[in-house]
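A.B. asks: okay, predicted coordinates and the sequence, questions at the end:
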Amino acid sequence: MPIALGSAVWAIGIFVYSIVSAMAGTVPLAVLALVTPVESMAIAVLIGLSSTTNVIVGQALGRADFRRATIDAIALVLWTAMASLAMSLLLLALTPALLTLYAGAGPDVLDVAESVFTVLAAVLMFRALNVTMVVGVLRAGGDTTSPILMDLAAQWLVAIPLSYACVVVFALPFPWVFLAFNSEETARQAMALFRLRQFKWLAQIRPDG
């Protein structure tokens, strides 16, 4: 239930991002529609890594092998960092080809989209590490409440107010607004690292006997 309710509120936050983009103008909306499919494909690969982490760490916790769970969690987080770095470099390399596919969108949209792809490549590692740490490690130990609180706090207390200010108060270009959208990843990462270092996720998820 906490995951379901939290996910619903988080989805509303994604809808708010679309509203903020619309407030920024028609070009940002077009750019967001262009970038979102590419973003989804990149995130899909990284979600696969988090699922792998969840299974491997969960198996160790099921055996109450906390040392193994700790080693596996650290190793998989580092692996995620390397994989996401490779994904970011690949995205930067493919950006010209991706923009060619959307040539009909017009030069104004493509100019902004190129900058947004650069921002996406820069924040991809933060997003990947967050998914692995929160979904792969914390939830593997049965910690469901704190990840939801992290998601909602990072989104509603940091990213949404900041992105709204970027559009309404400062009238910044859309790449800065897109960076503000992703500021939730920085906030979430700080909270996830703090929670991980508490090691409360090192709990046996299958009772003895």
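C.D. replies: On my side now, so go ahead. The structure displayed is predicted, hence computed values, not measured ones.
A.B. asks: run through the residues that contact residue 92.
C.D. replies: Residues near residue 92 by CB atoms under 8 Å, 6 or more residues apart in numbering: 117-118, 121. Bear in mind the C-beta positions are built from the backbone N, C-alpha and C, glycine included.
A.B. asks: residue 201 reaches residue 138, doesn't it?
C.D. replies: Yes - taking contacts as CB atoms under 8 Å, residue 201 lies within contact range of residue 138: 5.1 Å.
A.B. asks: which residues do these two both contact?
C.D. replies: In contact with both residue 201 and residue 138: residue 195, using CB under 8 Å, 6+ apart.
A.B. asks: tell me the centre residue of this structure?
C.D. replies: residue 127 (3.2 Å; CA atoms, centre = their mean).
A.B. asks: now that one. Nearest residue, chain neighbours left out?
C.D. replies: Distances taken as CB to CB, 6 or more residues apart in numbering put residue 185 closest to residue 127, at 5.2 Å, once the chain neighbours are dropped.
A.B. asks: any idea how many residues pack against that neighbour?
C.D. replies: 23 (other CB atoms under 10 Å).
A.B. asks: helices and strands around the helix or strand harbouring it, which ones?
C.D. replies: Here residue 185 is covered by helix 183-198, with elements defined by DSSP states H and E. Counting by 3 or more CB pairs under 8 Å, 6 or more residues apart in numbering; DSSP states H and E, the packing neighbours recorded for helix 183-198 are helix 107-131, helix 145-152.
A.B. asks: who wins for proximity to residue 81 among those?
C.D. replies: Residue 81 lies closest to helix 107-131 among the helices and strands packed on helix 183-198, at 6.1 Å (CB to CB).
A.B. asks: could you count how many residues lie near the spatially closest residue to residue 42 that is not a sequence neighbour?
C.D. replies: Excluding the flanking residues, the one nearest residue 42 by CB to CB, 6+ apart is residue 87, at 5.6 Å. Per other CB under 10 Å, the neighbour tally for residue 87 reads 19.
A.B. asks: next, residue 202: phi, psi?
C.D. replies: Per-residue torsions, residue 202: phi -80, psi 80 (degrees, to the nearest 10).
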